[in-house]
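1. missing the sequence, but the structure's below:
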């Protein structure tokens, strides 16, 4: 179902991502491709594209959702990864273990010997080597897929990914990330372990108004629900191309909510979700919290140039703010995917986050 709010597993449930999926499946079978990165702002379909592509590639894989590992230690993460890999190589088709989803479509049984001297939390290193050897013999590939991979650097796992890339050529790496600037820092910073590795980039974007209307029409047609075209157009305008919010609206209507009420509920639920995400960011800003919040309040009104933001921020805070500090605030907000820059203007692209900033502050 197109309006299913969970990440999709089948192509038939996705809307208009044919090109991205076909490209990813092709690259997963290409011997020259070692790493694929799917980037885009929150709620633009990255997780669904990843899952559908993995399923269609018909290769063994393990999928790690890093959103389940907030504030986790490298040791706890290592235990979870090792246990999930252990289940795969024992031939279990589908397991949910320690917050890691592991799937195996092809029988892959590998003999594992217990190394008593090895720390169990790092046993995944030994298992990956054995998986790589198995894949070489079978002339196939194994996929390590990591959703919201910007969290990797916090536990130092990006260093091990660089080792996999350089040494285990039958293991392919697929990463997704919604904090685009953080992902760029992990991949393109000369001081980071993954710097310099060739990769395929896939980028997701917001839908146009025309695409949003088509998405809603397609979903309602699938469910045989008749809905007033003016409400569809209003929803497309209000939710401004964010496929996650459009999906939530469609799902609420599918659950027998009246269309007008469903749109309002989508906005209310979205405001809570979006502001909670932004608050997590603010909680890491220390004494700069108020300034970041004021910048977002300024941008919630309309897109603005750097000079306009500086002027308004100084008026609101009643003090002079150094230029480099203004640049830092904008850079960090872009890095974490809360704002974008286009034609020298900064904006909050998510319409629900704009509403959240206005209402909650």
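-> The structure has been received and is ready for your questions. All figures in this text were calculated on a predicted structure; none of them were measured in a lab.
2. residue 346 should be in a strand, yeah?
-> Yes - applying DSSP: H, G, I helix; E, B strand; the rest coil, one finds residue 346 inside a strand.
3. beta partners of it?
-> Applying DSSP bridges to residue 346 yields these beta-bridge partners: residue 304, residue 341.
4. surely it meets residue 310?
-> No - between residue 346 and residue 310 there is no contact under Cβ atoms under 8 Å: 11.3 Å. Just so you know, the C-beta spots here come from the backbone N, C-alpha and C atoms, and that holds for glycine as well.
5. test my guess that residue 23 contacts residue 203.
-> No - counting by Cβ under 8 Å, residue 23 stays clear of residue 203, with 11.2 Å between them.
6. shaky segments in the stretch 101-250 of the chain?
-> Counting by pLDDT under 70, the ranges of the stretch 101-250 of the chain that qualify are 101-118.
7. swap the cut-off to 90 and go again
-> Applying pLDDT under 90 to the stretch 101-250 of the chain picks out residues 101-123, 126, 148, 150-156, 178-182.
8. which residue ranges of it form helices?
-> 123-138, 152-155, 157-167, 180-188, 209-222, 229-239, 243-254 (DSSP state H, counting those that start in this stretch).
9. now do the fourth one: everything it contacts.
-> Looking back up the chat, that one is helix 180-188. Helix 180-188 is touched from outside by 37, 39-41, 149-150, 152-153, 158, 175, 177, 192, 194-195, 197, 199, 331-332, 334-337, with contacts defined as Cβ atoms under 8 Å, 6 or more residues apart in numbering.
10. one more pass at 6 Å, please.
-> By Cβ atoms under 6 Å, 6 or more residues apart in numbering, the residues outside helix 180-188 that reach it are 39, 150, 153, 158, 177, 192, 194, 334, 335, 337.
11. what are the boundaries of the strands in the stretch 1-150 of the chain?
-> 35-39, 60-65, 94-97, 100-103, 142-147 (DSSP state E, counting those that start in this stretch).
12. who does the second one touch, helix- and strand-wise?
-> The elements that strand 60-65 packs onto, with contact taken as 3 or more Cβ pairs under 6 Å, 6 or more residues apart in numbering; DSSP states H and E, are strand 100-103, strand 142-147.
13. partners of the longest one, with directions?
-> Its sheet considered, strand 142-147 pairs with strand 60-65 (parallel), strand 171-177 (parallel) by DSSP bridges.
14. of those strands, which is nearest residue 31?
-> strand 171-177 (9.9 Å; Cβ to Cβ).
15. and that closest one with strand 35-39, angle?
-> Taking axes from the mean of the first three to the mean of the last three Cα atoms, to 10 degrees, one finds that strand 171-177 is oriented at 10 degrees with respect to strand 35-39.
16. switch to numbering from 432
-> In the new numbering, first residue 432, that becomes strand 602-608.
17. now the angle from strand 602-608 to helix 611-619?
-> Interaxial angle of strand 602-608 relative to helix 611-619 (the same axes, to 10 degrees): 150 degrees.
18. contact partners of strand 602-608?
-> With Cβ under 6 Å, 6+ apart, strand 602-608 has contacts from 466-470, 477, 481, 563, 572-578, 580-581, 592, 595, 614.
19. coming back round to it: quick one: buried ones out of the contacts of helix 611-619?
-> 470, 581, 584, 589, 608, 625, 765, 766, 768 (16 or more other Cβ atoms under 10 Å).
20. which helix in the chain runs the most residues?
-> In the chain, with assignment by DSSP state H, the single longest helix is helix 690-713.
21. return the distance of that one from the chain's centre.
-> Relative to the chain's own centre, helix 690-713 is displaced by 18 Å; criterion: Cα atoms, centre = their mean, to the nearest Å.
22. what's the following helix or strand after it?
-> The C-terminal neighbour of helix 690-713 among helices and strands, as given by DSSP states H and E, is helix 720-730.
23. report the angle between the very next helix or strand once past that next one and helix 720-730.
-> With elements assigned by DSSP H and E, the helix or strand that comes after helix 720-730 is helix 737-748. Counting by the same axes, to 10 degrees, helix 737-748 lies at 120 degrees to helix 720-730.
24. so which elements touch helix 737-748?
-> If contacts are counted by 3+ Cβ pairs under 6 Å, 6+ apart, helix 737-748 sits against helix 720-730.
25. now the helix it packs on: buried residues?
-> 722, 723, 724, 725, 726, 727, 728, 729, 730.
26. got it, and stretch 562-571?
-> Buried, per 16+ other Cβ under 10 Å, within stretch 562-571: 562, 563, 565, 566.
27. identify all contacting residues around it.
-> Defining contact as Cβ under 6 Å, 6+ apart, one finds that stretch 562-571 is touched by 541, 572, 573, 599, 601, 602.
28. what about residue 439, neighbour count?
-> Residue 439 has 22 neighbours, counted by other Cβ atoms under 10 Å.
29. hang on, I meant residue 432
-> Neighbours of residue 432 under the rule other Cβ under 10 Å: 16.
30. cool, residue 580 as well?
-> By other Cβ under 10 Å, 28 other residues sit near residue 580.
31. likewise for the one 3 residues further on?
-> By the criterion of other Cβ under 10 Å, residue 583 has 25 neighbours.
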